[in-house]
Every structure is written in C-alpha cells, then in structure tokens.
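A.B. asks: Just need the structure, nothing else, for what follows:
(one chain, ligands or ions: 2)
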Amino acid sequence: MRLLVTGGAGFIGSNFVRLMLESHPGYEIINLDRLTYAGNLENLAGLENESRHQFIHGDICAVEIVHRILGRGVDAIINFAAESHVDRSILDAQDFVRTNVLGTLTLLDGARRNKTGRFIQVSTDEVYGSLGPSGSFTESSPLAPNSPYAASKASADLLVRSYHRTYGLPAIITRCSNNYGPYQFPEKLIPLLVTNALSGLPLPIYGDGLHVRDWIHVRDHCNAIDRVLHHGTPAEIYNIGARQEMPNLEIAKRILRALGKGEDLIAFVKDRPGHDRRYSIDPSKTERDLGWRPSIPFEQGLQATIDWYRQNPAWVEHVRSGEYVTYYERMYRQRHRTLSEL
Ligand code: NAD
Ligand code: TYD
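C.D. replies: Numbering: from 1, shown residues only. Ligands and ions are numbered 1, 2, ... in the order given. Coordinates of the predicted model:
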C-alpha cells in the first residue's frame, strides 16, 4: 500500500509516519510537507535512509505537486497538514484559511481526478465549540467553531463531506481531542510547560486555569487513525478521545511535581480571546465500530512525555534557536529525490 501523508514533519504526522513504517512493513509513505515553522525534519530523524519513506518538500495548496504525486498511484491520503495553533489564528487567520481550507480542497480535487482510494481528513474536536460542565461531543453534535483555527477546520470538514456526497469520494473525517507526546512543538500547552519548567521559566496559564481539555497520547490517536484507514466506513465521522479531562492548572501542577519544582513558577496571564471553556469527546462509536481502545493512561503518558523532553535537550534547543530549519539541508536534500525527478 502506498500512502500520501501530508504534514508528516509535524507533531502528529511524524508520529504517524513512524507508527505506519513500524507496524506495516510492506507500506510505502510519501510525506508531503511545506516545512512551515511547525514542520521539523528532526521529528523524522533516523528515517533518512528508510527506502519506504520519501519526503517531499512541498505545499498541499500546489495543484501541480499534488497532481504529480497522486498521478504516481496512491492508495490513500491521510491529511495532517494544517496550521494548528489557536493563538496564531487569533493573530492572523490568512494562512489558516489557505492551508486548512484551500489546501484540503486541492487534495480533494487531486484525489477525485486521480481516483485515489481513501481520503482521511484529520480534524479536531474544536469544530464542535465549547461545552458547559457536563456532556460530551458526539459525531452528531452541531459544528460551532469559536476560533479562526476551528472555523478553518470545520470548513475543511464540510468540503470533505461535500466531495463524498457529490463525487462519491471515499472520504472519512476523524475528530480528535488534545494530543500530547514526543515531538510536539513547544508552543502548545504541555510541551511549553514542560520545557519552561525544565529551564526554570514561568509556566503561563491563561485566565483562571480552569479551562478543561480532554487529553490523548499521540500514539493512541495514531493507532485510531490506523484503524480508521483500514476499517472505517466512507462518509463516516469518528470521534477520537481517551476520556481524560483535566483543567490546565492541574496539568501545570502535575508537571511541576514530576520535575520537583515549586508551584511559584505558575504565572497566570491574560486569557485568550474567545477561549473555549471545556472540550469533551465521546469516542464510543469509534470504540464500538472499529474495536479501537486508547491504551495510555494520562499519568503514564505525561511522565513519558516529560522524560522525552528531558532526554532530548538538543531537539528542544534546535527548536528554540531555529537550528532545526537547516536539518533539511544537512540531512535530507542529498538523499531524497526532488519533485522534478518524480
Ligand atoms: P503541527 O502544527 O505540529 O504540524 C503541521 C504540519 O503541517 C507541519 O509539519 C507543517 O509544516 C505542515 N504544513 C503546514 N502547512 C502546510 C502546507 N500548506 N502544505 C504542506 N504541509 C503543511 O500540527 P499537529 O499538532 O501535528 O496536527 C496535525 C493535524 O491534526 C492538524 O490537521 C490538526 O488540525 C489535527 N489535530 C491536532 C490536534 C492536536 O492536539 N495537536 C488534535 C486534533 C486534531
Ligand atoms: P493549546 O495547547 O494551545 O491547545 P488548544 O487551544 O487547541 O486546546 O492549549 C490547551 C489549553 O491550554 C487551552 O485551554 C489554552 C491553554 N494554554 C495556557 O493556559 N497557556 C499557554 O501558554 C497555552 C499555549 C495554552
């Protein structure tokens, strides 16, 4: 099977690439990534000489690139590529609409024209908006996005739906809760708090810190996408979550405790505008229909993640200094074919 994974140099995409290469020895992966600030080839370190993994530096909005890749014959597309940080979308949403909406449309058109097999759209629980203190999102909860990021992901979901209904494209949407784990860019809550705590820097907590997120280890998310890819039903939506809700403040306290640091490092800062109060995913349908179960308890996954950041200071340092940007030149350019050679 030959897969096109987009955004495979990002956090979840790179974890997914590793998982697929490990668990499906016969699979070949074409990894298309624009290498924005969030794309980091150090996330794929060790795969430079893996013949089943081909990295292509390119944009999912580029019709010609997408067409040329799909023209080689691809069995499935798993679309991770996105602008993914809510705070950045509040500052400027242009790139979010370009990549998340127009980029998804370009992939959908490419898939339709080339009669590509399955199209997996990796979406988010944020498209459902915010919840009160009780209840959980199901696949039939209404779309009510509150941030420009969430609105761009919801727009992409609607396009995916329309390509199934209009053209019969075998497309599936997954909506997952907040991920954490290795290789997450330290602008997101958990890696930011862990790397700051390791450096003795303040841990910024928005507002009162009582906003609740539903956390899942990235490995569990990737395993769920594997199940969806192989056993999901076209046109369906699958919620993915691990029933592990926690307020942000509690996470900060746990990280500090694990690192033997004092709570005086917690710094309450101005709240995010439009900050969703609570997310909660009901993953029952995915569990029931696909036989998938999350397997990493939050306490264990958080400790493993803290350990990973502690044991990989060079990765953190290269992200902070910007040195990761040159990894492509140093490690990849010589070993991977350019687009003109496809
Ligand atoms: P990320 O920001 O770490 O990675 C995104 C990747 O996409 C980067 O490698 C970036 O270079 C690439 N990219 C951006 N624009 C591109 C373009 N135009 N063409 C090609 N590549 C491009 O994001 P992530 O946290 O790994 O999230 C991956 C996907 O999962 C996103 O679609 C996101 O919406 C979704 N998701 C994330 C979470 C989460 O908690 N992180 C939860 C649910 C769903
Ligand atoms: P984030 O990791 O940005 O994910 P999302 O907004 O997509 O859920 O944020 C997770 C939660 O942590 C969210 O409630 C905002 C909060 N947060 C902070 O309190 N401080 C921070 O510095 C960041 C980045 C997030």
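A.B. asks: what number of residues lie near residue 252?
C.D. replies: For residue 252, the tally of surrounding residues (other CB atoms under 10 Å) stands at 23. For glycine as for every other residue, the C-beta is placed from the backbone atoms N, C-alpha and C.
A.B. asks: Now do the contacts for it.
C.D. replies: With contacts taken as CB atoms under 8 Å, 6 or more residues apart in numbering, residue 252 has the following neighbours: 193, 203, 205, 209, 263, 266.
A.B. asks: Filtering these by proximity to ligand 2, which remain?
C.D. replies: When CB under 6 Å from any ligand atom is taken as the criterion, the members of these that contact ligand 2 are residue 205.
A.B. asks: And the contacts of residue 252, which is closest to ligand 2?
C.D. replies: Each of the contacts of residue 252 was scored against ligand 2 by CB to the nearest ligand atom, and residue 205 proved nearest at 4.5 Å.
A.B. asks: close to ligand 2, is the helix or strand harbouring residue 301?
C.D. replies: Taking DSSP states H and E as the definition, one finds residue 301 inside helix 298-311. No: no part of helix 298-311 sits close enough to ligand 2 to count as contact by CB under 6 Å from any ligand atom; the gap is at least 13.0 Å.
A.B. asks: who does that helix touch, helix- and strand-wise?
C.D. replies: For helix 298-311, the helices and strands in contact under the criterion 3 or more CB pairs under 8 Å, 6 or more residues apart in numbering; DSSP states H and E are strand 178-180, helix 189-198, strand 212-217, helix 248-258.
A.B. asks: so does it get close to ligand 1?
C.D. replies: No: among the residues of helix 298-311, none lie within reach of ligand 1 under CB under 6 Å from any ligand atom; the closest is 12.8 Å away.
A.B. asks: can I get the CA coordinates of that helix in CSV?
C.D. replies: The C-alpha atoms that make up helix 298-311 are tabulated as CSV, following Å, rounded to 0.1, in the frame of the first residue of the first chain:
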residue,chain,number,x,y,z
PHE,A,298,-2.7,10.1,31.3
GLU,A,299,-0.4,9.8,34.3
GLN,A,300,1.8,7.4,32.5
GLY,A,301,1.8,9.2,29.2
LEU,A,302,2.5,12.6,30.8
GLN,A,303,5.5,11.1,32.7
ALA,A,304,6.8,9.5,29.5
THR,A,305,6.4,12.9,27.7
ILE,A,306,8.2,14.8,30.4
ASP,A,307,11.0,12.2,30.2
TRP,A,308,11.2,12.5,26.5
TYR,A,309,11.7,16.3,26.6
ARG,A,310,14.2,15.9,29.4
GLN,A,311,16.2,13.3,27.4
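A.B. asks: Would you mark the buried spots in it?
C.D. replies: Neighbour-count burial for helix 298-311, counted by 16 or more other CB atoms under 10 Å, picks out 298, 301-302, 305-306, 308-309.
A.B. asks: what does stretch 110-118 give?
C.D. replies: For stretch 110-118, a neighbour-count test (16+ other CB under 10 Å) marks 110-112, 114, 116-118 as buried.
A.B. asks: hang on, the earlier thing: now the helix holding residue 301 against strand 212-217, angle please.
C.D. replies: Here the directions of helix 298-311 and strand 212-217 differ by 70 degrees (axes from the mean of the first three to the mean of the last three CA atoms, to 10 degrees).
A.B. asks: hang on, residue 221 is in a helix, isn't it?
C.D. replies: Yes: assessed with DSSP: H, G, I helix; E, B strand; the rest coil, residue 221 lies in a helix.
A.B. asks: so how far is residue 256 from it?
C.D. replies: Spatial separation of residue 221 from residue 256 under the definition CB to CB, to the nearest Å is 26 Å.
A.B. asks: ok, the two, which is more surrounded?
C.D. replies: For residue 221 versus residue 256, neighbours defined as other CB under 10 Å are more numerous around residue 221 (26 against 19).
A.B. asks: Was I right to think the more buried one contacts residue 12?
C.D. replies: Yes: A contact is recorded between residue 221 and residue 12 when judged using CB atoms under 8 Å, the distance being 6.3 Å.
A.B. asks: who touches both of those two?
C.D. replies: With contacts taken as CB under 8 Å, 6+ apart, residue 221 and residue 12 have residue 179 as neighbours in common.
A.B. asks: quick one on the thing from earlier: same list (the buried residues of helix 298-311) but as CSV, adding pLDDT and distance to residue 98.
C.D. replies: What follows is these, written out as CSV (pLDDT from 0 to 100; distance: CB to CB, whole Å):
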residue, pLDDT, distance to residue 98
298, 98, 34
301, 98, 33
302, 98, 34
305, 98, 31
306, 98, 35
308, 98, 32
309, 98, 31
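A.B. asks: what's the closest of those residues to residue 246?
C.D. replies: Each of those was checked against residue 246 using CB to CB; the closest is residue 298, at 7.0 Å.
A.B. asks: ok so, going back, quick one: work out the angle between the helix or strand just after the helix holding residue 301 and helix 189-198.
C.D. replies: Tracing the chain past helix 298-311, the next element assigned as helix or strand by DSSP H and E is helix 313-321. Orientation check (the same axes, to 10 degrees): helix 313-321 against helix 189-198 gives 100 degrees.
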